[in-house]
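**Q** Predicted model and sequence follow; I will ask about them next.
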Amino acid sequence: MTAPQIIFLLSAAVMIVASLVVVTARNLVHAALALIVSLFTVAIVFVLLEAGFLAAVQVVLYIGAIAILIIFAIMLTRRVMQDTGPQTNQQWWLGGLIAAVLFGALMFILPTVVYPVADTAVPENSLQTLGFALVDMNQYALPFEVSSILLLVALIGSIAVAGDRK
């Protein structure tokens with residue numbers, strides 16, 4: 001086996017374990033930290049696929065912004081963490097059965113899928129073109145700014161919900 005294959009297998013194993021911890025952890029902070037580990041292993045896979053820009057976006061946007069925002073929201077709403085109710089319900093086995101059937105169906109179907117391969121190489125200035133498109137008023141500047149305002153409103157809303165009522 002080559003080094004990239006070994007790195008992929010290790011990161012895939014860590015990704016699976018971290019994802020399982022995200023959905024099974026009883027402590028929300030531990031689940032959020034496992035989410036960060038899972039998202040970081042996705043960035044490693046992007047690096048292995050030679051998609052450096054997507055890896056950087058994964059680290060900066062998802063780990064650096066979204067996951068940290070989730071942790072802040074958890075810590076701001078500590079009184080919600082006092083809930084000691086059950087973490088599962090009576091139909092957990094049905095969800096597991098459906099997941100196993102879907103996994104089997106995917107393993108049956110995926111080998112028959114033909115994946116298209118692009119005939120042309122990626123242009124050298126594609127990242128520069130994307131950067132210009134994000135700040136050009138005739139392309140994506142407005143959606144980019146609207147999404148930043150939406151994230152700001154969500155942050156202010158979470159602080160308002162978590163704040164003490166006087």
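**A** Everything's here; your move. Residues are numbered from 1 along each chain as shown.

**Q** buried residues in the least confident helix or strand in the chain by mean pLDDT?
**A** Least confident helix or strand, the chain: helix 68-76 with a mean of 75, by mean pLDDT, DSSP states H and E. Buried residues in helix 68-76, defined by neighbour count with 16 or more other C-beta atoms under 10 Å: 70-71, 73-74. Yep, even glycine has a C-beta here, placed from its N, CA and C like the rest.

**Q** Contacts only, for the residue nearest the centre of the chain.
**A** Nearest to the geometric centre of the chain sits Leu39, at 5.1 Å (C-alpha atoms, centre = their mean). Taking C-beta atoms under 8 Å, 6 or more residues apart in numbering, we find Leu39 in contact with 58, 62-63, 67.

**Q** Give me the pLDDT for Phe53.
**A** At Phe53, the pLDDT value in this model is 83.

**Q** before we move on, the earlier item: from the buried residues of helix 68-76, which is closest to Asn27?
**A** Asn27 lies nearest to Ile74 out of those, by C-beta to C-beta, at 9.5 Å.

**Q** thought the closest one was touching Leu28?
**A** Yes - the pair Ile74 / Leu28 is scored as a contact, 4.8 Å apart, by C-beta atoms under 8 Å.

**Q** what's the distance between Phe46 and Ala141?
**A** Phe46 is 26 Å from Ala141, where distance means C-beta to C-beta, to the nearest Å.

**Q** between these two, who's got more neighbours?
**A** Set Phe46 next to Ala141 and count neighbours by other C-beta atoms under 10 Å: Phe46 wins out with 18 against 13.

**Q** Let me see the contact set for the more buried one.
**A** Phe46 neighbours (C-beta under 8 Å, 6+ apart): 52, 54-55, 58.

**Q** Contacts for stretch 126-138, please.
**A** By C-beta under 8 Å, 6+ apart, the list of residues contacting stretch 126-138 reads 53, 123, 139-141, 144.

**Q** Inside helices: which ones of those residues?
**A** 53, 141, 144 (DSSP state H).

**Q** what's the closest of these to Gly95?
**A** Phe53 (35.9 Å).

**Q** mind listing what the closest one touches?
**A** Going by C-beta under 8 Å, 6+ apart, Phe53 touches 127, 130.

**Q** about what we covered before: closest to Met1 among the contacts of Phe46?
**A** Ala55 (22.2 Å).

**Q** That'll do, ta.
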